[in-house]
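Chemist: One predicted model, sequence on top.
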Amino acid sequence: MLIAVPAAHAQFDEFAMIDAGLEPSPDYPMPVSHHAGFISPQDPPWSFDAEFLGLIRNDKHTIIFAPGPVAERIVMQSDSMGGLRLAVSKSLGHARGQTQAGVWEAGVVWGQDENRYLVGFEDWIVESQLTTIEANGGLESTVFGVRTRMLVGGRYTFVGDEYYLAAVPGFAVQDDLVEARNHAGYAQGKLALNWEYGRWSIAAALAGGFGLNAAHQAGDVFAVPFVNAYESDEWTHSMLTELTARASVRIFSHTHFQVGFYGLTLSEMASSRRGLGGEGSLDDASYVGLSLGVRQCF
């Protein structure tokens, strides 16, 4: 004897339907949240990103070391900067049929590194630091199948680097040779795009901002027969440009693995490489690198 099983009780795989580009039937409604964020349709409105960053800064500096008849050129640069990017995002929700929704987000990027160079009998240490904190709000919509965020907000950024000098290589006690500190605040706008296909997605975002930077420089100028110390502080305008791109895949129902590119440029920054011979001019600070991490929705 055959027993008919009502279709309403049949089981279906909503994720397989998404991957196949199929729409669920009225008998099997797919859970759809009010989230218009850069994640799959069935994800809840909150999302949290945690990524590891590997960044390189444009702070190369060449010194000439000439203890004898042949001069040696030594190129010093802070090492590949290891850091973290943390971000949280919340869709404010929208009614069914509406094409726009409010959204807010906040994030922080942090990184630090150092590199050592042996110059004669002296140990030179180059250290660099980056911290940037932002908060944005705006609207999210879908245009030609691409989810689009248009946001405005603010950002605080700290950029610092130092050159240390140890007369005896390997010793932990070093003298400060030169240091640079920048505390900058920006008003910014951001455009973010996201394209999804099944469990895969590609996202890109471009941010630009304008603000003020409090630049600090201090150090020692070696001269015969003594050392001259200097210190300066100034306020200057600064511009910010940030570009990010990510590819992600959903590995669990609300968990996404993502890999991407990160780039950041800040104008009018004080840098230690410019201050080795005295108070230096301001310079651009640029960072480029890769990101690797996860996004969790809840």
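Modeler: Thanks, I have the structure now. Numbers count the residues shown, from 1 in each chain.
Chemist: what sits against W110?
Modeler: With contacts defined as CB atoms under 8 Å, 6 or more residues apart in numbering, W110 is in contact with G83, L84, L130, T131. From N, CA and C alone the C-beta is placed, and that goes for glycine too.
Chemist: D113: which of the residues you listed is nearest?
Modeler: The nearest member of the contacts of W110 to D113, counting by CB to CB, is G83 at 8.4 Å.
Chemist: Nearest residue to that closest one in space, ignoring adjacent ones along the chain?
Modeler: Nearest residue to G83 in three dimensions, chain neighbours excluded: G111, at 2.6 Å (CB to CB, 6 or more residues apart in numbering).
Chemist: buried stuff in the helix or strand encompassing that neighbour?
Modeler: Applying DSSP states H and E as the criterion places G111 in strand 100-119. Across strand 100-119, burial judged by 16 or more other CB atoms under 10 Å covers A101, V103, E105, G107, V108, V109, W110, G111, D113, Y117.
Chemist: how about these in TSV, adding distance to G211 and pLDDT?
Modeler: Output for the buried residues of strand 100-119, formatted as TSV (distance: CB to CB, whole Å; pLDDT from 0 to 100):
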residue	distance to G211	pLDDT
A101	28	68
V103	23	80
E105	19	86
G107	17	87
V108	17	89
V109	17	88
W110	19	86
G111	20	81
D113	25	74
Y117	34	70
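Chemist: Now render those residues as CSV, adding distance to A207.
Modeler: Listed next are the buried residues of strand 100-119 as CSV, based on distance: CB to CB, whole Å:
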residue, distance to A207
A101, 20
V103, 15
E105, 11
G107, 11
V108, 14
V109, 12
W110, 17
G111, 18
D113, 24
Y117, 34
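Chemist: sorry, back to before: give the partner strands of the strand holding G111 in its sheet and their orientations.
Modeler: Sheet partners assigned to strand 100-119 using DSSP bridges are listed as strand 81-91 (antiparallel), strand 122-143 (antiparallel).
Chemist: Mind listing what's buried along the shortest one?
Modeler: Looking back up the chat, that one is strand 81-91. Buried residues in strand 81-91 (16+ other CB under 10 Å): M81, G83, R85, A87, S89, K90, S91.
Chemist: Export those as CSV, with columns for distance to D233 and pLDDT.
Modeler: Shown next, in CSV, are the buried residues of strand 81-91 (distance: CB to CB, whole Å; pLDDT from 0 to 100):
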residue, distance to D233, pLDDT
M81, 25, 81
G83, 27, 89
R85, 30, 92
A87, 32, 93
S89, 37, 91
K90, 39, 87
S91, 43, 82
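Chemist: Mind picking the one among these that's closest to W46?
Modeler: For the buried residues of strand 81-91, the nearest to W46 is K90 (5.6 Å; CB to CB).
Chemist: Now for the closest one: which residues touch it?
Modeler: P45, W46, S47, V103, W104, E105.
Chemist: rerun at 6 Å
Modeler: The contact partners of K90, by CB atoms under 6 Å, 6 or more residues apart in numbering, come to W46, W104.
Chemist: and it, bridged to which residues?
Modeler: If you apply DSSP bridges, the partners that K90 bridges to are W46, W104.
Chemist: I'd like to know the average pLDDT value across the helix or strand S232 falls within.
Modeler: Per DSSP H and E: S232 is located in strand 227-252. The average pLDDT for strand 227-252 rounds to 92.
Chemist: Counting by contacts, list what that strand packs against.
Modeler: On a contact count with 3 or more CB pairs under 6 Å, 6 or more residues apart in numbering; DSSP states H and E, strand 227-252 meets strand 200-222, strand 255-269.
Chemist: let's see 8 Å
Modeler: Judged by 3 or more CB pairs under 8 Å, 6 or more residues apart in numbering; DSSP states H and E, strand 227-252 is in contact with strand 175-197, strand 200-222, strand 255-269, strand 283-297.
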